[in-house]
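Engineer: Sharing a model prediction with you, sequence too.
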Amino acid sequence: MTVYTDYAGAARELVHAMKFGHFKGLAVFAGELIGGLSLPHTEAFLPVPLSKERLIKRGFNQSYVIAHTLSRKWGVPVLQAVRRVKNTPPQSELGRAERFKNIKGAFSIEEGISLPRCVTIVDDVMTTGATLNEIARLLKQKGVITVKAILFARTPEE
C-alpha cells in the first residue's frame, strides 16, 4: 500500500474541501502529490466508485480524478471495472465494525471487462480498510493475482 500522508491537519482539510466543497481541482492536486512518490508496478489503476447519487451530488468522483492524474503521469491505464451496486451510508458516519457490514455487497465487477493480473485500487482516504478489502476480495475472485492500493491519506492508527 502506498500512502501519501496521514489523514490529519491540512490533508484532512484538503479532503473535506475536495469532497464537501466540490473542488475537483483539489483531487487533481492530490493525484499530483501522490504521483511524486515512487509507485509500485501495476497494470491498471482502479478507482473506488461512488454511488450514482453521491456522484451527482458531488459532481465528480475524487478517486477517479486521482487515478486519471496518476495515469497521465505514469502511463498506466485507468480501468473502471468496479461498480457500486448498493447506495450505502457514508463510511465516515460509521464505527469500525459497522463499516465492514455496511460495505459488504456494495460493489460488483463489471461483466465483460478483461482484468489484468496486477491492479492498484485508488482512493482518497482509508480508515479501516473495509472498502479496499471488499473490492480486493471481488477482484481476486475474478482472477486478479495482485491487488495493491494507492491512497492520498490514511487515518493514523491510535
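Structural biologist: Received, thanks.
Engineer: drop to CA atoms for contacts and neighbour counts, all remaining ones
Structural biologist: Noted.
Engineer: for stretch 65-72, which positions count as buried?
Structural biologist: Using 16 or more other CA atoms under 10 Å as the test for burial, stretch 65-72 gives Val65, Ile66, Ala67, His68, Thr69, Leu70, Ser71.
Engineer: Give me the number of neighbouring residues for the closest residue to Lys104 other than its chain neighbours.
Structural biologist: Leaving aside its sequence neighbours, Lys104 sits nearest to Glu134 (CA to CA, 6 or more residues apart in numbering; 6.7 Å). Applying other CA atoms under 10 Å, we find 17 residues neighbouring Glu134.
Engineer: dump the residue contacts of the most centrally placed residue in the chain.
Structural biologist: The residue lying closest to the centre of the chain (CA atoms, centre = their mean) is Asp123, at 2.1 Å. By CA atoms under 8 Å, 6 or more residues apart in numbering, the contact set of Asp123 is Pro47, Val48, Gln62, Ser63, Ile66, Ala149, Ile150, Leu151, Phe152.
Engineer: among those, which two are most distant?
Structural biologist: Across these, the longest distance by CA to CA is 15.1 Å; it joins Gln62 and Ala149.
Engineer: More neighbours: these two, which one.
Structural biologist: Ranked by neighbour count (other CA under 10 Å), Gln62 and Ala149 place Gln62 first, with 30 against 20.
Engineer: re earlier: want to throw the buried residues of stretch 65-72 into CSV with secondary structure and pLDDT?
Structural biologist: Below are these laid out as CSV (DSSP: H, G, I helix; E, B strand; the rest coil; pLDDT from 0 to 100):
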residue, secondary structure, pLDDT
Val65, helix, 97
Ile66, helix, 97
Ala67, helix, 97
His68, helix, 97
Thr69, helix, 97
Leu70, helix, 97
Ser71, helix, 97
